[in-house]
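**Q** take this sequence and fold it.
(chains A and B)
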Amino acid sequence: MTADDNDRWLLSYYRVSEINGALFFGRVARIMRPGYLQSQVTHHFADEAAHSSYWTSCMEDLGFYPEKQRAAYQDRYFTALGVPANLMEVMAITLVFEKRVIGHYRRHLAHPDTHPRIRQTIERIMLDERRHVKYVREALDEMGARYGAEFVSRTLERYEEADENAYGGFVSEFGERMTFLESAVELAARTPTAG
Amino acid sequence: MSTSAVTFDAIAEHVARVLQVPKEQLRPEDLISELSTDSLELVEMAIDLQEEFDVIITQEEFAGIRTLGELQSLLRSRQ
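**A** Numbering: from 1, shown residues only, chains lettered A, B, ... in the order given. From the prediction side, this is the model:
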């Protein structure tokens, strides 16, 4: 099994999305009040940086170097909605993004031709992503008291809608580079819904 | 945690630190959009001020603010 140009492009995209995530969380971590959430966000910042390193190593093991890219998946949110302006909005956009990442990585893992080295990297990253979803969900629940549960809920809905559009745009623009997406759609169409 | 009074001097101190501009050069009439071209840096500034003064500004409100003076008025109205 060998990696091709599409793998190189996609893994480079994953890598730069992790780098941009680390830079974003680094900014948030340095201005937060001390406490549990600051600790979690700082850990999150470190995780994203580590993930970018995992992708770099993965590509090197596959025999190529990352492409220079700047645009990351998160940019699509900011283009559609503007950047978040408070901590609750940061957590809301993070929850939507993390859930999307997990869903996308699952689709990548589901493809039988996914290279074992890529599979190993995704599985390693997924462990952290699940932890991120847990702490962010808990933070948003707690923030309901300060920001108002309805405001939190409306913000999440707004970001979820933006995410649907962002992911649709991403697949529409780059779907041909990700054959696993096509097979996942076909597989879903053939598989009866299990509830 | 005690909260600080929303004076222009206190705002300027935070803005100067986050955006790395000289505090003494900041004026209430300064356009926020001209203080930095990096939107994430402005997010950092907005969250820093909310953390300091224990107030909440929404994305929509922040997008509608043009100057540092307007930012001060909004922060004061929330404290």
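**Q** anything in the biggest helix by length in chain B near chain A?
**A** Scanning chain B for the longest helix, with DSSP state H as the assignment, gives helix B:39-53. Yes - legend: contact between helix B:39-53 and chain A by CB under 8 Å from any CB of the partner chain is shown at B:39-44, B:46-48, B:50-51. To be clear about C-beta, it is placed using only N, CA and C from the backbone, and glycine gets the same treatment.
**Q** by contact count, what packs against that helix?
**A** Under the contact definition 3 or more CB pairs under 8 Å, 6 or more residues apart in numbering or on different chains; DSSP states H and E, helix B:39-53 sits against helix A:5-31, helix A:87-110, helix B:8-19, helix B:68-78.
**Q** wait, does the helix or strand that it is followed by contact chain A?
**A** Note on helix B:39-53: by DSSP states H and E, the next helix or strand toward the C-terminus is helix B:59-64. Yes - counting by CB under 8 Å from any CB, chain A is contacted by helix B:59-64 at B:59, B:61-63.
**Q** ok, now how distant is residue A:40 from chain B?
**A** For residue A:40, the distance to chain B equals 15 Å [CB to the nearest CB, to the nearest Å].
**Q** swap in residue A:154?
**A** For residue A:154, the distance to chain B - CB to the nearest CB - is 10 Å.
**Q** same question, residue A:73
**A** Residue A:73 sits 15 Å away from chain B, going by CB to the nearest CB.
**Q** for that residue, what are its contacts?
**A** By CB atoms under 8 Å, 6 or more residues apart in numbering or on different chains, the contact set of residue A:73 is A:13, A:17, A:97, A:100, A:166, A:170.
**Q** with residue A:87 instead?
**A** The neighbourhood of residue A:87, defined by CB under 8 Å, 6+ apart, consists of A:28, A:32, A:37, A:143, B:47, B:50-51.
**Q** can you check the pLDDT for it?
**A** At residue A:87, the pLDDT value in this model is 96.
**Q** do the one 10 residues further on as well
**A** Here, the pLDDT recorded for residue A:97 equals 93.
**Q** cool, residue A:75 as well?
**A** 84.
**Q** what's the burial count for it?
**A** By other CB atoms under 10 Å in any protein chain shown, the residues close to residue A:75 number 14.
**Q** please apply the same query to residue B:45.
**A** 25.
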